[in-house]
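Visitor: Here you go, sequence then predicted model.
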Amino acid sequence: MLEFIIKLHPEIAIKSKSVRKRQTLLVEQNLRTLLKHLPHKVKVTGYFDHLTVTSQYQTTAWRQELITRLKCIPGIVTFAQMQTRQFTDLADLFQQVAAVYQSQIINKSFCVRVRRQGEHEFSSLDAERYIGGGLNQLVNSARVQLKQPDLEIKLEIKQQQFLLVTESFTGMGGLPIPSQSDALSLISGGFDSAVASYLMIRKGLRTHYLFFNLGGAAHENGVREIAFYLWKTYAASHRVKFVSVDFAPVVADILEHVPTGLMGVVLKRLMMQVASAMAEKLGISAVVTGESIGQVASQTLANLAVIDQASPSLVLRPLIYHDKQDIVDLARQIGVAELAGSMPEYCGVISQNPTVNAILSEVITAEALLDPRRINQAIEQAKILDIRTVEYQAEQQAGVIATEAILPANAIVLDIRSHDEVDARPLQLQQHQVLTIPFYRLATAFAQLDQQQQYYCYCERGVMSRLQALLLQEMGFNNVAVYRP
Ligand SMILES: Nc1ncnc2c1ncn2[C@@H]1O[C@H](COP(=O)(O)OP(=O)(O)OP(=O)(O)O)[C@@H](O)[C@H]1O
């Protein structure tokens, strides 16, 4: 049997008894929802301050699958795999514990804690001393320390059985969804808004997505992929919305009427205005952005203050003091870096020579030159989708890109993965030529290739290759498709 013990975040542990109970219950319900549709049965049992997850099915792949899932659930700080074993006497117990822990206590302080039920020839203290002393002798660099050791070895002995922690894991931390209310995250396809959305999910907010389309089908497809991935991986216990707003007419109006330096601030204010209206319509309490002080020239306190005034809703900016490198590292860790890194910059014109010190009265004067009907239209015509349909629809839209599992003769494959990935898992084909062009160079490098040939983009998940093929198609190249072996 596979058995995991789940510990909740310390933030939960310090809350009052009733809050603690509610949040433990939330994690329990979320685990049930998330583990229900897996191929093998999983049992979730709730206790006051911890939970257990057990499964009768037991293979290495299944164990790994459960571990991967448990690492992505908000509110779980640590979890550990347990094993129930039989033992004959203290010496046997020691041998079994040593087999698991000998390598883990090298250069560490440790202690052994025993809880015992039933008739034995030894007390709990005897067992702690015997096993602790034995391990101390066995591993020279380890030392026993009763207060705050690096590692606690916990044993629960019941008659001739004992329960042993065999491996501990770090979970996602944070709070369970939905221990806070809902938020509407403005997601652009870049690193920042993806990471901001993740941090809100981690804080227990049911996070919906709002996207302003400025760059056509390819832009929307890429953003849908990112939003869907974030939801599916970290928040699938609750359904959320993906709202898509066509902002091209508003941008056209801004480009025509607003002074260049103010364009960025005006665009953000109009986004905020629409976001607040959508949040109100959907009963959502806050909007979230990926803005961070000084991240781009226009993200100054003066500009952010002017932007805020356009929003009656609470605006949350979880990245406000983060450095770019921290954001990129986190994006990598949560699995969105590749996708976000492959999105081109849309609407660059808007960010040219932006003002760093917007003055509200000037901004309002500039906005008066815009046609208010375009904003109303954008709100009225917003597409409000159930996130579960978003990836499917993205695939449908990307259906214009041919995807082949078996390549035609003479096809050339473009391996668009990063150099690290290519080195780690090279793509070797017997019959076809493979060119390695990382995705971030593809848009410029493709035009230099022989345009009489047919090209097939390749990446591991098939997501980036589809996105890149679509982008090339929008640039006017029709000799490109996707290779998905
Ligand atoms: N097209 C868009 N749709 C939805 N939200 C957007 C869009 N463009 C910008 N935003 C929101 O505004 C924030 C700031 O955007 P901006 O482009 O100025 O900075 P950024 O640091 O490049 O953000 P990102 O990396 O998220 O694209 C984004 O993090 C996002 O929350």
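Guide: Perfect, I can see it now. Residues are numbered from 1 along each chain as shown.
Visitor: For the helix or strand that Val97 is a member of, buried residues please.
Guide: Element membership of Val97 [criterion: DSSP states H and E] is helix 90-101. Buried residues in helix 90-101, counted by 16 or more other Cβ atoms under 10 Å: 90, 93-94, 96-98, 101. Glycine gets a C-beta too; all of them are placed from N, C-alpha and C.
Visitor: I'd like the mean pLDDT over it, please.
Guide: Confidence for helix 90-101, expressed as mean pLDDT, is 95.
Visitor: now stretch 234-245
Guide: Here the average pLDDT along stretch 234-245 is 96.
Visitor: hmm, it touching the ligand?
Guide: No. Legend: contact between stretch 234-245 and the ligand by Cβ under 6 Å from any ligand atom is lacking; minimum distance shown is 7.9 Å.
Visitor: who in this structure is up against the ligand?
Guide: 186-188, 190-193, 210-212, 214, 289-291, 295-296.
Visitor: run the last query once more with 8 Å
Guide: 185-194, 196, 210-214, 219, 223, 245, 247, 264, 268, 271, 288-292, 295-296, 298-299, 319, 340, 345-347, 351 (Cβ under 8 Å from any ligand atom).
Visitor: Which of these are buried? Put it as a ChimeraX command.
Guide: Buried residues within the residues of the chain next to the ligand, by 16+ other Cβ under 10 Å, are selected in ChimeraX with:
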select :185,186,187,188,189,190,191,192,193,194,196,210,211,212,213,214,219,223,245,247,264,268,271,288,289,290,291,292,295,298,299,319,340,346,347
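Visitor: Tell me the one among the buried residues of helix 90-101 nearest to the ligand.
Guide: Proximity of the buried residues of helix 90-101 to the ligand (Cβ to the nearest ligand atom) peaks at Tyr101, which lies at 44.5 Å.
Visitor: correct me, but the closest one touches Ile153?
Guide: Yes. Tyr101 is within contact range of Ile153, at 5.7 Å (criterion: Cβ atoms under 8 Å).
Visitor: list residues touching both of these two?
Guide: 110, 135 (Cβ atoms under 8 Å, 6 or more residues apart in numbering).
Visitor: which residues are contacting the longest strand along the chain?
Guide: Using DSSP state E to define each element, the chain has its longest strand at strand 161-173. Strand 161-173 has contacts (Cβ under 8 Å, 6+ apart) with 5-6, 9, 67, 70-87, 93, 96-97, 100, 153-157, 202, 234.
Visitor: switch to 6 Å and redo it
Guide: By Cβ atoms under 6 Å, 6 or more residues apart in numbering, the list of residues contacting strand 161-173 from outside reads 9, 71-72, 74, 76-87, 100, 154-156.
Visitor: Which of these are buried, as a PyMOL select command?
Guide: A single PyMOL command selects the buried members of the contacts of strand 161-173 (16+ other Cβ under 10 Å):
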select buried, resi 9+72+74+76+77+78+79+80+81+82+85+87+155+156
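Visitor: which ones among the contacts of strand 161-173 are found in helices?
Guide: Residues of the contacts of strand 161-173 located in helices (DSSP state H): Val100.
Visitor: Which stretches in the stretch 151-300 of the chain count as helices?
Guide: In the stretch 151-300 of the chain, the helices defined using DSSP state H, counting those that start in this stretch lie at 191-202, 216-230, 248-257, 263-282.
Visitor: and these as JSON lines, adding distance to Asp126 and mean pLDDT?
Guide: Listed next are those as JSON lines, based on distance: least, Cβ to Cβ, whole Å; pLDDT from 0 to 100:
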{"stretch": "helix 191-202", "distance to Asp126": "44", "mean pLDDT": "97"}
{"stretch": "helix 216-230", "distance to Asp126": "51", "mean pLDDT": "86"}
{"stretch": "helix 248-257", "distance to Asp126": "76", "mean pLDDT": "88"}
{"stretch": "helix 263-282", "distance to Asp126": "62", "mean pLDDT": "96"}
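Visitor: quick one, what contacts whichever residue of the stretch 201-350 of the chain sits closest to the ligand?
Guide: Nearest residue of the stretch 201-350 of the chain to the ligand: Gly290, at 2.5 Å (Cβ to the nearest ligand atom). Remark: with contacts taken as Cβ under 6 Å, 6+ apart, Gly290 is in contact with 192-193, 196, 319.
Visitor: Can you pick out the most distant pair from those residues?
Guide: Ser193 and Leu319 (8.9 Å; Cβ to Cβ).
Visitor: Asp420 versus Ala382, what's the distance?
Guide: Per Cβ to Cβ, to the nearest Å, Ala382 is found 39 Å from Asp420.
Visitor: cool, Leu385 as well?
Guide: 35 Å.
Visitor: neighbour-wise, which of the two wins?
Guide: Leu385 (17 against 9; other Cβ atoms under 10 Å).
Visitor: Identify the bridge partners of the closest residue to that one other than its chain neighbours.
Guide: Using Cβ to Cβ, 6 or more residues apart in numbering and skipping residues adjacent in sequence, the residue nearest Leu385 is Phe242, 4.7 Å away. On the basis of DSSP bridges, Phe242 is bridged to Tyr209, Leu385.
Visitor: can you pull the contacts of Phe242?
Guide: 209, 227, 385, 387, 390.
Visitor: pLDDT at the nearest residue to the second one once chain neighbours are set aside, what is it?
Guide: In space, not counting the residues next to it along the chain, Ala227 is nearest to Tyr209; the distance is 4.3 Å by Cβ to Cβ, 6+ apart. Model confidence at Tyr209, expressed as pLDDT, equals 98.
Visitor: try the one 4 residues further on
Guide: In the prediction, the pLDDT value recorded for Asn213 is 89.
Visitor: wait, what's in contact with it?
Guide: Asn213 neighbours (Cβ under 6 Å, 6+ apart): 219-220, 244, 246-247.
Visitor: Is the nearest residue to Val165 once chain neighbours are set aside bridged to anything, and to what?
Guide: For Val165, ignoring the flanking residues on the chain, the nearest one in space by Cβ to Cβ, 6+ apart is Ala80 at 4.6 Å. Per DSSP bridges, the residues bridged to Ala80 are Ile5, Ser168.
Visitor: just checking, Ala80 touches Ile5?
Guide: Yes. Look at Ala80 against Ile5 with Cβ atoms under 6 Å: they come within range, at 5.3 Å.
Visitor: For the ligand, give me its nearest residue in the stretch 101-250 of the chain.
Guide: For the stretch 101-250 of the chain, Cβ to the nearest ligand atom, closest residue to the ligand: Gly190, 2.3 Å.
Visitor: Name all residues that make contact with that residue.
Guide: Gly190 touches Ala340, counting by Cβ under 6 Å, 6+ apart.
Visitor: go with 7 Å
Guide: Residues counted as contacts of Gly190 (Cβ atoms under 7 Å, 6 or more residues apart in numbering) are 290, 340, 343.
Visitor: any idea which residue of the protein is furthest from its center?
Guide: Within the chain, Glu121 marks the point farthest from the mean C-alpha position, 51.1 Å out by Cα atoms, centre = their mean.
Visitor: and stretch 284-294, C-alpha only, in CSV?
Guide: C-alpha atoms of stretch 284-294 as CSV (Å, rounded to 0.1, in the frame of the first residue of the first chain):
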residue,chain,number,x,y,z
ILE,A,284,-15.0,39.1,-8.0
SER,A,285,-13.4,41.3,-5.3
ALA,A,286,-10.0,42.2,-6.6
VAL,A,287,-8.0,42.5,-9.8
VAL,A,288,-4.4,41.4,-10.1
THR,A,289,-1.5,42.6,-12.3
GLY,A,290,2.1,41.5,-12.8
GLU,A,291,3.4,45.1,-12.4
SER,A,292,6.5,45.6,-10.3
ILE,A,293,8.3,48.9,-9.4
GLY,A,294,10.8,49.8,-12.1
